[in-house]
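Novice: the following comprises the amino acid sequence and a computationally predicted model.
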Amino acid sequence: MIKLTIEKATIPWQEKPKDSKDVIWRYSANPIIDRYAIPSSNSIFNSAVVQFKDGYAGVFRCDNKAVQMNIFAGFSKNGIDWVINHEPIKMKAGNTEMIASDYKYDPRVVFIEDRYWITWCNGYHGPTIGIGYTFDFKEFFQCENAFLPFNRNGVLFPQKINGKYAMLSRPSDNGHTPFGDIYISYSPDMKYWGEHRCVMKATAFEDSAWQCTKIGAGPIPILTDEGWLMIYHGVINTCNGFRYAMGTALLDEKEPDKVKYRTQPYLLGPAEQYEMVGDVPNVVFPCAALHDVEEDKLAIYYGAADTVVALAFGKLSEVIQFTKDNSL
């Protein structure tokens, strides 16, 4: 029987296998969410999770059997076993009346100040970054798109930086983007965004090939004594197509466009069958992370092969040290 420890409704956890030498290890019962977890779904992946009340809430990317992309709310007591609503989130007008959307996918969720903010890739004449909020994961309000098309991987910081909201993103194109770097933008009000700065670029092939094609921010950054821990995905274009893996970087706390450390090797790459075989093979795509500083625990939720949701664990201190010791 698989031993899973949940303490005081904190984060899900499973101890590292005795024979493992990796910094990050997979949950032994992966995937935790099957592609057919709701009646309409073709796949459920690249989804976001946060602590909520005495358990967890999430916003899930569920592509239906017409492969229409939308986001759905879900709830869990332990962060492992999820009940996902069968109908997609219906947005109300937030700070704008313009809430048109051709599709929604790859959400992130973060609590800031008094509410849960959601970002996602929003279809408005091409992909851009949609923003919304909720107080209870039952009623949702959509705000102005953050940027012009084309953009993906919009990830908010969990607190204001120098008095402004901050968001990472990856300017892109209208297709299966064969390029992409991480930028940061700032806003005084979650409506108007500017002060765009480049944070991190894809690497040269000879320096770190797994992230040489494009990169994108993953879960909400985690503030540590060493700066902001950013978990991100990197992509290489192989003879078999794109291959997505997971890495980490440490950004300066007050000036997060300055990278202090960045992993040369990846921390987790596609190796298990559910990561290598699916609608899009060879994908590990992190979208959410829960952490407990006192317990030194990190739980990372990631999409596997654009088909299912999986979970991995690590010691927060060891991930930080690995990032510093194996930096480009």
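Specialist: Ah, there it is. Numbers count the residues shown, from 1 in each chain.
Novice: please make it C-alpha for all contacts and neighbour counts, starting now.
Specialist: Fine.
Novice: this protein: helices as residue ranges?
Specialist: 273-276, 316-325 (DSSP state H).
Novice: what's near enough to touch Asp114?
Specialist: The neighbours of Asp114, taking Cα atoms under 8 Å, 6 or more residues apart in numbering as the test, are Phe135.
Novice: that one and Ala57, how far apart?
Specialist: 16 Å (Cα to Cα, to the nearest Å).
Novice: likewise Ala204?
Specialist: 39 Å.
Novice: of those two, who's got more company?
Specialist: More crowded of Ala204 and Ala57, by other Cα atoms under 10 Å: Ala57, with 24 against 12.
Novice: for that one, which non-adjacent residue is spatially closest?
Specialist: Phe75 (4.5 Å; Cα to Cα, 6 or more residues apart in numbering).
Novice: what of Arg115?
Specialist: Phe135 (5.2 Å).
Novice: picking up where we left off before, distance to Thr177, mean neighbour count and mean pLDDT added to the helices of the chain, as JSON lines?
Specialist: Formatted as JSON lines, these follow (distance: least, Cα to Cα, whole Å; neighbours: other Cα atoms under 10 Å; pLDDT from 0 to 100):
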{"stretch": "helix 273-276", "distance to Thr177": "20", "mean neighbour count": "20", "mean pLDDT": "98"}
{"stretch": "helix 316-325", "distance to Thr177": "27", "mean neighbour count": "18", "mean pLDDT": "98"}
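Novice: please identify which of those helices is closest to Asp19.
Specialist: Closest to Asp19 of the helices of the chain, according to Cα to Cα: helix 316-325, at 16.9 Å.
Novice: so what does that closest one touch, helix or strand wise?
Specialist: Applying 3 or more Cα pairs under 8 Å, 6 or more residues apart in numbering; DSSP states H and E, one finds that helix 316-325 contacts strand 241-251, strand 259-262.
Novice: buried deepest among the ones you listed, which one?
Specialist: strand 241-251 (a mean of 24; mean count of other Cα atoms under 10 Å).
Novice: mean confidence score for that strand?
Specialist: Across strand 241-251, the average pLDDT comes to 98.
Novice: in a markdown table, list the helices of the chain along with distance to Glu87.
Specialist: Shown next, in a markdown table, are these (distance: least, Cα to Cα, whole Å):
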| stretch | distance to Glu87 |
| --- | --- |
| helix 273-276 | 26 |
| helix 316-325 | 36 |
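Novice: can you tell which of those helices is closest to Ser40?
Specialist: Comparing these by Cα to Cα, helix 273-276 comes nearest, at 20.5 Å.
Novice: tell me which other helices or strands the closest one touches.
Specialist: strand 297-304.
Novice: what angle separates the strand it packs on from strand 241-251?
Specialist: Strand 297-304 and strand 241-251 are oriented at 150 degrees to each other (axes from the mean of the first three to the mean of the last three Cα atoms, to 10 degrees).
Novice: low-confidence stretches in this structure?
Specialist: For the chain, the stretches flagged by pLDDT under 70 are 1-9.
Novice: center of it, which residue is that?
Specialist: Cys287 (1.7 Å; Cα atoms, centre = their mean).
Novice: and that one, how far is that from Asn151?
Specialist: In terms of Cα to Cα, Cys287 sits 16 Å off from Asn151.
Novice: cool, and Tyr56?
Specialist: Tyr56 is 28 Å from Asn151, by Cα to Cα.
Novice: same question, Ile131
Specialist: From Ile131 to Asn151 the distance is 13 Å (Cα to Cα).
Novice: same thing with Glu318?
Specialist: Glu318 is 32 Å from Asn151, by Cα to Cα.
Novice: re the thing from before, make JSON lines out of the helices and strands packed on helix 316-325 and add distance to Val83.
Specialist: Below are these laid out as JSON lines (distance: least, Cα to Cα, whole Å):
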{"stretch": "strand 241-251", "distance to Val83": "27"}
{"stretch": "strand 259-262", "distance to Val83": "36"}
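Novice: give me the neighbour count for Phe205.
Specialist: Using other Cα under 10 Å: Phe205 sits among 12 other residues.
Novice: and the gap between it and Gly180?
Specialist: 14 Å.
Novice: rewinding a little: neighbour count for Ile131 and Asn151, which is higher?
Specialist: Ile131 (26 against 23).
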